[in-house]
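J.: Sequence plus the predicted model coming up.
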Amino acid sequence: MNHFETSLDLRKGADPELVERIEAALDTITKRTAGGSWGPYPRTSDEILGRAEPPRPIRDDKSGLWGYVGAVPPRYAQAQPFADGLAWVRRPESQTWELIDLSGATVIDASSGYLAAERFAEGLAWVSRDEAGGWYAIDRQNRLIIPGGFDDAKAFHHGLALVQRGGWGVIDRHGRVVVQPRYRAFVTPLVSGGPIEGFTDEGLAVVDAGDRFGVVDRGGQVIVPAEHAAVVIHPVAFLVGDQFGLWGALDRKGKPLVELKYKEQAEVVEQIERRLTDGRPVL
């Protein structure tokens, strides 16, 4: 008797026909998920919430100016895509950027003197009056939210932003340092694809310490010390590689899970699945 049958038979009055139907359904799910093809297609937050796509920037061939399809006529020398319902644009007669809403109305005018501006995300945008850096964050009312003059900065995601001051680190929406800026990069390879810049949705990031890689979480805790030649995030583990091209795996606490001896990542993934699954779902 397998685990599935045992778990069901423990329930008094189990219907044998129901048991058989559930078992067949779970077997089907097991086969489908093994290839990673089960489930709905990936959708953006706009699709899920039923929001219409914002108008796209478009260049008028005759004037050479930029506008937005069906929303704002071509009158800008440069135009960024809309994000959070706002877009940065620059007029031909100005060297600085202004912010407009979906109707084309000015939200922040060019007199603010921003020589560089990045898209809004989670209500904040990075701007600079210095061509060589000096990034700080403002809100849509043009209020200074995060000072600091960083060398570079990336858009906020899940309340965190990558910032550079010498090395790369992480701050939260209040400007508090979550990860000290001491890494060369936050670029996170995934078994399922990637790499992505910064943290995964579950709050893990692969950090580049120069010649070695490790993993930190969104709270700044080091999960895997930066002592590996390569690290790839698996849904339930971390694949790690050495300087000789061999691969193994650590569990989510950073403890050894699969011996570092395999030539291919796929072999390690297979070993992880053998260790962490029973080969059949248990109800």
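T.: Nice, thanks for sending it over. All figures in this text were calculated on a predicted structure; none of them were measured in a lab.
J.: residue ranges for the helices of the protein, please.
T.: 3-9, 16-34, 45-49, 265-276 (DSSP state H).
J.: just for the stretch 51-200 of the chain, where's the confidence low?
T.: For the stretch 51-200 of the chain, the stretches with pLDDT under 70 are 51.
J.: one step back: weakest of the helices of the chain by average pLDDT?
T.: If those are sorted by mean pLDDT, helix 3-9 sits at the bottom with a mean of 45.
J.: And Glu259, how far from Trp247?
T.: Taken as CB to CB, to the nearest Å, the spacing of Glu259 relative to Trp247 amounts to 10 Å. Using the backbone N, CA and C atoms, a C-beta is placed for each residue, glycine as well.
J.: Have a look at those two and say which one is more surrounded.
T.: Ranked by neighbour count (other CB atoms under 10 Å), Glu259 and Trp247 place Trp247 first, with 24 against 12.
J.: which residues does the spatially closest residue to Gly166 that is not a sequence neighbour contact?
T.: With CB to CB, 6 or more residues apart in numbering as the criterion, Gly166 has its nearest non-adjacent residue at 6.0 Å, and that residue is Pro181. For Pro181, the contacting residues are Val163, Gln164, Arg165, Gly166, Gly167, Trp168, Gly169, taking CB atoms under 8 Å, 6 or more residues apart in numbering as the criterion.
J.: Could you do Pro92 as well?
T.: For Pro92, the contacting residues are Leu65, Tyr76, Ala77, by CB under 8 Å, 6+ apart.
J.: Return the residues in contact with the last one.
T.: This points to Ala77. Taking CB under 8 Å, 6+ apart as the contact definition, Ala77 lies against Leu65, Trp66, Arg90, Arg91, Pro92.
J.: Filter those residues down to the buried ones.
T.: Under a neighbour-count criterion of 16 or more other CB atoms under 10 Å, the subset of the contacts of Ala77 counted as buried comprises Leu65, Trp66, Arg90.
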